[in-house]
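Visitor: Below is the sequence, then the predicted model.
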Amino acid sequence: MEVLEQKKELVDWISGLDNPAVLDAVYSIKENSTLSFKERFAKGLTVDEFKTEMKKRIQNYPNKK
């Protein structure tokens, strides 16, 4: 099943839920998700760190001259 189909199926299922315990469990999963963009972005590299890291990687390429 493709991701888009999975999402649609989950949205349809959640939309029809009436059980508060199940909704609380789903909400808890959402809140505990480690895929928070803001958190990952905050832990990212600064521009200078990125440039330094890219220079290191490029210098370590196996060059054939």
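Guide: That came through fine.
Visitor: Dump the C-alpha coordinates for the worst-scoring helix or strand of the chain on mean pLDDT into PDB.
Guide: The helix or strand of the chain with the poorest confidence is helix 37-42; it has a mean of 78 (mean pLDDT, DSSP states H and E). The C-alpha coordinates for helix 37-42 follow below in PDB (Å, rounded to 0.1, in the frame of the first residue of the first chain):
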ATOM      1  CA  PHE A  37      10.300  19.300  12.100                       C
ATOM      2  CA  LYS A  38      10.900  22.100  14.500                       C
ATOM      3  CA  GLU A  39      13.000  20.000  16.800                       C
ATOM      4  CA  ARG A  40      15.000  18.500  14.000                       C
ATOM      5  CA  PHE A  41      15.500  21.900  12.500                       C
ATOM      6  CA  ALA A  42      16.700  23.400  15.800                       C
END
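Visitor: as a whole number, average confidence for the helix or strand that that helix is followed by?
Guide: Downstream of helix 37-42, the first helix or strand assigned by DSSP states H and E is helix 47-59. On average, the pLDDT along helix 47-59 is 93.
Visitor: What residues sit buried inside helix 47-59?
Guide: Neighbour counts over helix 47-59 (16 or more other Cβ atoms under 10 Å) mark no residue as buried. For every residue, glycine as well, the C-beta is placed using N, CA and C.
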